[in-house]
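Student: Sequence first, then the predicted structure:
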Amino acid sequence: MEYQSITLELIKLIKNKKELNSLDDSLIETHLLKYKNEINSILNKYVSFKQFQKSAVCKDIISSIRADLREIYGVFIKTNLNNFEKNITKLNNYEDPLIEKILSGHQSSIERLNHYSKTYILIFNKLFEWGLNKKYSLIDLACGFNPFAYKYLPIKPTKYLASDLSTKDMSLINLFFKNTKIKGEAIALNLLSQNDTDILKNHYDVCFLFKALDSLESKSRHSSKKLISKINSDFFVISFPKKTIGGKKEIKLSKRTWFERFSDQNFSKKEVFEIENETFYLLKK
Ligand SMILES: C[S@@+](CC[C@H](N)C(=O)[O-])C[C@H]1O[C@@H](n2cnc3c(N)ncnc32)[C@H](O)[C@@H]1O
């Protein structure tokens, strides 16, 4: 057996969980690379993948990669965006009541559902006061299902770039943009991949990074500082959860000390406000 054929089988197995099956094979392949030497060193012990699949090593690799992918992606998915494909295909208006149903499919947007309108008004009132042009462009990174909340934006952007990990999810957001005539585009980006983040050199007036930095930091410490420094935007709206997923534990303010310091050092203006489950930082370069 060869590493490459094993990889393909492993990817299929790892994705065989509904909360992970929209993820790109290439992302899972990157996670598998960590185990390449381990897999190669035991390959000749097995004559078939079926046999290898029964080994403790294989089971450990699968469960560890699934746990990683759940932590960064799967845990937030309450209903796969795929399940809304028929609804999205039929949508022709971004104000359609079905939007609430779609937003309820993601942990972050369901928690924001009763707060979207006032939150977006607070955000944009402040950004316009700080000099943001009413004709602004927007980039929404690690967006989850947030682009479906377009109707709540008090003034619509001249262009809206959305991105998250899954190509399949991004194709459904593109379908939503197209059917509802939003000037937007969605692309799959891994914010921890050097190659992917080259696109961030393009200028967007406002950058949203909602509840994204904890995931990035959990995988690669200090990655968010590097990422923010790369993003070519004048205004940033960065949010953090106030509680751990499932609302079980409050997240200690001391966990955000690094961000308080970083934002004080790198931005000329800063304003912080809170809603039920989320703390927002409004920042101007
Ligand atoms: C807590 S959710 C927030 C979603 C959305 N920003 C919101 O607040 O509605 C975190 C998001 O980060 C995305 N994510 C995690 N790691 C990522 C990475 N390396 N690159 C891009 N997106 C990532 C996940 O897929 C998930 O959609």
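Tutor: Now that the structure is in, tell me what you want to look at.
Student: Now the residue nearest to Tyr3 when sequence neighbours are not counted: phi and psi?
Tutor: Excluding the flanking residues, the one nearest Tyr3 by Cβ to Cβ, 6 or more residues apart in numbering is Asn40, at 5.6 Å. (C-beta placed from N, C-alpha, C; glycine too.) When quoted as degrees, to the nearest 10, the phi and psi of Asn40 stand at phi -60, psi -40.
Student: So out of everything in the chain, what residue is nearest the ligand?
Tutor: Gly144 (2.7 Å; Cβ to the nearest ligand atom).
Student: quick one: the host helix or strand of Leu138 near the ligand?
Tutor: Taking DSSP states H and E as the criterion, the element that holds Leu138 is strand 137-141. No - Strand 137-141 is not in contact with the ligand by Cβ under 6 Å from any ligand atom; minimum separation 6.8 Å.
Student: now for that strand, which elements pack on it?
Tutor: Applying 3 or more Cβ pairs under 8 Å, 6 or more residues apart in numbering; DSSP states H and E, we find strand 137-141 packed against strand 159-164, strand 206-209.
Student: In CSV, list these along with mean pLDDT.
Tutor: CSV is the format used below for the helices and strands packed on strand 137-141 (pLDDT from 0 to 100):
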stretch, mean pLDDT
strand 159-164, 98
strand 206-209, 98
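Student: I'd like those strands as JSON lines, with mean neighbour count and distance to Ile72 appended.
Tutor: Converted to JSON lines, the helices and strands packed on strand 137-141 look like this (neighbours: other Cβ atoms under 10 Å; distance: least, Cβ to Cβ, whole Å):
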{"stretch": "strand 159-164", "mean neighbour count": "23", "distance to Ile72": "10"}
{"stretch": "strand 206-209", "mean neighbour count": "22", "distance to Ile72": "14"}
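Student: May I see the ones you listed organised as JSON lines, with distance to Asp140 added?
Tutor: Compiled in JSON lines, the helices and strands packed on strand 137-141 are given as follows (distance: least, Cβ to Cβ, whole Å):
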{"stretch": "strand 159-164", "distance to Asp140": "5"}
{"stretch": "strand 206-209", "distance to Asp140": "4"}
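Student: need the residues of the stretch 1-150 of the chain near the ligand, please.
Tutor: Residues of the stretch 1-150 of the chain lying close to the ligand (Cβ under 6 Å from any ligand atom) are Ile72, Tyr73, Phe76, Ser108, Ser109, Ala142, Cys143, Gly144, Asn146.
Student: Swap in 5 Å and give it another go.
Tutor: Ile72, Tyr73, Phe76, Ser108, Ser109, Ala142, Gly144, Asn146 (Cβ under 5 Å from any ligand atom).
Student: Contacts only, for the nearest residue to the first one once chain neighbours are set aside.
Tutor: I take that to be Ile72. Distance criterion Cβ to Cβ, 6+ apart; nearest residue to Ile72, sequence neighbours excluded, is Ser215 at 4.8 Å. Remark: with contacts taken as Cβ atoms under 8 Å, 6 or more residues apart in numbering, Ser215 is in contact with Glu71, Ile72, Ala142.
Student: Shouldn't Ser215 be within a helix?
Tutor: Yes - assigned with DSSP: H, G, I helix; E, B strand; the rest coil, Ser215 falls within a helix.
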